[in-house]
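>>> Following is a predicted model, sequence given first.
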Amino acid sequence: MKIASRIDNLPPYVFATVEKRIAEQRAKGVDVISLGIGSPDLAPPKYIIDALYESALKEDTHGYAGYYGTPALRKATAEYYGKRFGVELDPDTEVRPLIGSKEGLANINLAFIDPGEIALATDPGYPTYRMGALLANGDAYSMPLREENDWLPVFEDIPGDILAKARIMWLNYPNNPTGAIAPMAFLQQAVDFASAHDLLICYDNPYCDVTFDSYVAPSILQVPGAKDVCIEFNSLSKTYNMAGWRVGLALGSAKAIDALTTVKTNIDSGIFRPIQDAATVALTGDQSWLADRNAIYQERRDIIMEWLPTIGMSAEVPKGGLYVWAKTPEGVNAQEFAVDVLEKVGVWMTPGTAFGDYGEGYLRLSICISADRLREAGERLLRL
Ligand SMILES: Cc1ncc(COP(=O)(O)O)c(C=O)c1O
């Protein structure tokens, strides 16, 4: 049995490997505190869970739910974008629900990348940007995110021969893993650059409603003309604490949405109807709980910011997302440090290199864990 080279050449998905490593420690009886994956540890409010339950009780909600998402969910999404960002979307042509945004991030490559073509992916960045291009028999080019550039890519640095083969460009702010945010002027610059070079911007925006210190994150679709060159990915995973439910959204360019839909109709058969019904309620219901939830994350962020210097680490205070992007102690290799810390004190922090070569020198710390456990992690790290 021969496995296709596209799979053989793919590195294992980083968090699958991490899960294994943590499981090994736990099997040895170590009480691991994992600051690894960004999976919200809190539940959505009861009214969203009730909507799921009520829909599931109905006789007619258990068949295939259709390829395009329910009209109600598409309408709710368009209304949410209208209210939240002032962006007008046609629910039929400019909105498509996804089975979690990750499948959309991967599948968009099948729609836009031919063999040998290139996706411009931020480095460090969410691994699926790069892997999606490889799965489409394309390639990924790393756009470095550096502290001195406020973690924004420098478009002028992309070589001409790469640009000639590039079809899509990934951007993600509030950014995973760096916690950086993007000013509107940068988003405008990105749209202009994409228009000039015939690129599709894939703007990954799952953290737009997980923000702190009164920061309000934009959608790239707010930039005039963005719908001509952008598809935005959003997700209910982080905004509504619904990561395991698997509901994401693709929005913007009708041409891109249509091409993505062609891929998806051949691969999947839509989202379970009760989940779509509950997602509709999540988007249209009372949003006031999000501020309280963000205050919880903010407190956790601040706990980490407090203990980082005690172990020789530092970080910029993130205004959004679920992570603190911390510099390793001077001269220390991120991967070696992470493994050493896990083995010595049972705390797991993800080495920055899990997100690309430019992540060297950093560790990503997730805030999806209780304040008490975060304090305990800080105390344990003092014993290093
Ligand atoms: C930047 C980024 N994009 C996309 C996703 C995937 O989210 P979803 O649960 O919608 O697949 C994540 C999840 O951690 C993420 O960090």
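Right, received. Where do you want to start? Numbering: from 1, shown residues only.
>>> can you list the residues of the stretch 51-200 of the chain near the ligand?
Contacts of the stretch 51-200 of the chain with the ligand, taken as C-beta under 6 Å from any ligand atom, map to 100-102, 126, 172, 176. Yep, even glycine has a C-beta here, placed from its N, CA and C like the rest.
>>> ok, 8 Å please
Contact residues (C-beta under 8 Å from any ligand atom) of the stretch 51-200 of the chain with the ligand: 98, 100-105, 125-126, 128, 172, 175-176.
>>> among those residues, which are in strands?
L98 (DSSP state E).
>>> Pick the one among the residues of the stretch 51-200 of the chain next to the ligand closest to K227.
Nearest to K227 among these, counting by C-beta to C-beta, is G104 at 16.8 Å.
>>> What is the neighbour count of that closest one?
27 (other C-beta atoms under 10 Å).
>>> what's the closest non-adjacent residue to it?
Leaving aside its sequence neighbours, G104 sits nearest to L98 (C-beta to C-beta, 6 or more residues apart in numbering; 4.1 Å).
>>> how about that neighbour, what does it touch?
By C-beta atoms under 8 Å, 6 or more residues apart in numbering, L98 lies in contact with 104, 233, 247-250, 264, 271.
>>> I48 reaches L283, doesn't it?
No - I48 is beyond contact range of L283, at 9.8 Å (criterion: C-beta atoms under 8 Å).
>>> Which elements pack onto the worst-scoring helix or strand of the chain on mean pLDDT?
Ranking every helix and strand in the chain by mean pLDDT, DSSP states H and E puts helix 14-27 at the bottom, with a mean of 81. Applying 3 or more C-beta pairs under 8 Å, 6 or more residues apart in numbering; DSSP states H and E, one finds that helix 14-27 contacts helix 334-345, strand 347-351.
>>> count of neighbours near E117?
18.
>>> ok, now the one 10 residues further on?
Using other C-beta under 10 Å, the number of residues around P127 comes to 18.
>>> Next: the one 3 residues further on.
The number of residues packed near R130 is 24, by other C-beta under 10 Å.
>>> so where does it fall, helix or strand?
helix 127-135 (DSSP states H and E).
>>> ok, and what's touching that helix?
Under C-beta under 8 Å, 6+ apart, the answer for helix 127-135 is 6, 9-10, 13-14, 102, 105-110, 113, 118-119, 121-122, 139-140, 168, 170, 202, 204, 354-356.
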